[in-house]
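Participant: Make a model of this:
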Amino acid sequence: MDKNEIAKQYLGLVKSCCRRFAGKGIEYDELYSAGCLGLSKAINNFDSSRGLQFSTYAFPVIMGELKRLFRDGGTVKVSRPLKELAMKINRLNNESVLKNGKELSVSELAERLGVSGEEISEALCSVQPTVSIDYGDDENGSGIEVPTPDIQDEISDRLSLISAIEELEENDKKIINLRYYKSKTQVQTAKILNMTQVQVSRREKKILTLIRMKLSV
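Facilitator: As a prediction, this is how the structure comes out:
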């Protein structure tokens, strides 16, 4: 699938990640820009040979950019060259739509502008608009974000859990896998891992506490 199409397909995941940080001191537009930058990095660096689903790989990358935004004081800087490239892309796409009824692919844009596909993807993501609605009687002409509940929130929650589990120590992963994915009892889990039932019980409580902490960040 074309990188531009992948970016469009997963913008819902970006919005879902951004909603996790809403109301924490940074404007939604800034969050969205950071999320799109993370999506761009994920698209450019994804290696399908590793056996991961793209969404599983992209989620922590997007979240990483959002957390970095808070560490850096809430500023996503888009360089002038990137802005200029985005303007060139927009002009070429507008011409293509008028002439052929469709936008150019990332590879076509890269060839015409003499840059890499990665640069095209980054420029496209840097100027993605936020979905909002304007009130006619608003003096400042500002809009509010339209809540659009969809399956992306559920996917985001699941990916958060997967990411948290992936960060566990190997033996802790085995405990979670046996207890919650293979529905083993604590006694059965203890036997498989050469532990006592008490050890499994205590460790499981610590693991769940750790996962809750990671999910609350």
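Participant: List the buried residues of the strand or helix carrying Asn171.
Facilitator: Assessed by DSSP states H and E, Asn171 sits inside helix 170-176. Within helix 170-176, the residues that count as buried by 16 or more other C-beta atoms under 10 Å are Asp172, Ile175, Ile176. Where C-beta positions appear, they are placed from N, C-alpha and C, glycine not excepted.
Participant: go on, stretch 104-118?
Facilitator: For stretch 104-118, by 16+ other C-beta under 10 Å, it's Leu104, Ser105, Val106, Glu108, Leu109, Ala110, Leu113, Val115, Gly117, Glu118.
Participant: secondary structure class for the first one?
Facilitator: Looking back up the chat, that one is Leu104. coil (DSSP: H, G, I helix; E, B strand; the rest coil).
Participant: quick one: contacts for it?
Facilitator: Leu92, Asn93, Ser96, Arg112 (C-beta atoms under 8 Å, 6 or more residues apart in numbering).
Participant: and Glu194, which of the three is it?
Facilitator: That one is not Glu; residue 194 is Asn. Going by three-state DSSP: Asn194 is coil.
Participant: Same question for Ile62.
Facilitator: helix.
Participant: out of everything not next to it in sequence, what's closest to it?
Facilitator: Distance criterion C-beta to C-beta, 6 or more residues apart in numbering; nearest residue to Ile62, sequence neighbours excluded, is Gly38 at 3.7 Å.
Participant: what about the strands in this protein?
Facilitator: All strands of the chain, identified by DSSP state E, fall at 132-134, 143-145.
Participant: that older thread, let's see which of the contacts of Leu104 end up in helices.
Facilitator: Leu92, Asn93, Ser96, Arg112 (DSSP state H).
Participant: of the residues you listed, closest to Gln9?
Facilitator: Asn93 (17.6 Å; C-beta to C-beta).
Participant: What about the closest one, how many residues nearby?
Facilitator: Using other C-beta atoms under 10 Å, Asn93 has 17 neighbouring residues.
Participant: so it sits right up against Ser105, yeah?
Facilitator: No. Judged on C-beta atoms under 8 Å, Asn93 makes no contact with Ser105 at a distance of 10.3 Å.
Participant: For the protein, identify the residue most remote from the centre.
Facilitator: In the chain, counting by C-alpha atoms, centre = their mean, Thr196 sits farthest out from the average C-alpha position, at 39.4 Å.
Participant: any idea what sits nearest it, other than its immediate chain neighbours?
Facilitator: In space, Thr196 is closest to Ala190, 5.6 Å off (C-beta to C-beta, 6+ apart).
Participant: Wait, the residue farthest from the centre of the chain touches Val187, no?
Facilitator: No. The criterion here is C-beta under 8 Å, and Thr196 misses it with Val187 at 9.5 Å.
Participant: roughly how far apart are Met213 and Gln199?
Facilitator: 21 Å (C-beta to C-beta, to the nearest Å).
Participant: Looking at those two, which one has more neighbours?
Facilitator: Using other C-beta under 10 Å, the more surrounded residue of Met213 and Gln199 is Gln199, with 15 against 10.
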